[in-house]
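Participant: quick check, what structure comes out for this input:
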Amino acid sequence: MAFVARAFSPSVGVTPYSDLESVEFRDGALVVVIACTVNGDRTVRTVNGLRVTFTQVAGFRVLDELDLARYVASEGFPFGSHVLEVCDGGWSAEENALQMFDMNRREWLVVTGNWCVSVFSGMPPEIVDATWNFVE
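Facilitator: This next block holds a predicted model:
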């Protein structure tokens, strides 16, 4: 089963050091905050990222990027975007095969250089820029 997805957020590159800052599920909404880049010196550093909000969430899972290597190795993987809409061959297709019946789910994948989030949501996510100070 080939993995096929399309870029949903702008293709700005996904650095190997990008990561999940937080994942929060509350009142049926899933908010994923991605730390994309860190700027500044040793005394003051600012993190630039994205806040991705999903509504109508039916399920989600958080996986290390190595657990999704089969997706990344696929010809249908669009590199450079943090948010993808999965068209075929993703988690939904795997669940359909395991359960032996087809569910019509809309699937999304939030990608970082470390952790990734697969989401079943009937609506496209809202994506906004986010900036915060890095505290050690």
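Participant: am I right that Arg70 is in a helix?
Facilitator: Yes. Per DSSP: H, G, I helix; E, B strand; the rest coil, Arg70 lies within a helix segment.
Participant: quick one: it from Gln99, how far?
Facilitator: 20 Å (Cβ to Cβ, to the nearest Å). Quick note: C-beta positions are derived from backbone N, CA and C, even for glycine.
Participant: so what's the residue count around the residue nearest to Arg45 when sequence neighbours are not counted?
Facilitator: Nearest non-adjacent residue to Arg45, counting by Cβ to Cβ, 6 or more residues apart in numbering: Phe134, 4.0 Å away. Using other Cβ atoms under 10 Å, Phe134 has 12 other residues around it.
Participant: same thing with Ser22?
Facilitator: 10.
Participant: who touches Arg105 in this structure?
Facilitator: 58, 92, 95, 120 (Cβ atoms under 8 Å, 6 or more residues apart in numbering).
Participant: just the buried residues from those, in PyMOL please.
Facilitator: Listed next is the PyMOL selection for buried residues among the contacts of Arg105, using 16 or more other Cβ atoms under 10 Å:
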select buried, resi 92+95+120
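Participant: contacts only, for the residue lying closest to Asp64 once chain neighbours are set aside.
Facilitator: Nearest residue to Asp64, sequence neighbours excluded (Cβ to Cβ, 6+ apart): Trp115, at 6.1 Å. The neighbourhood of Trp115, defined by Cβ under 8 Å, 6+ apart, consists of 19-20, 62-65.
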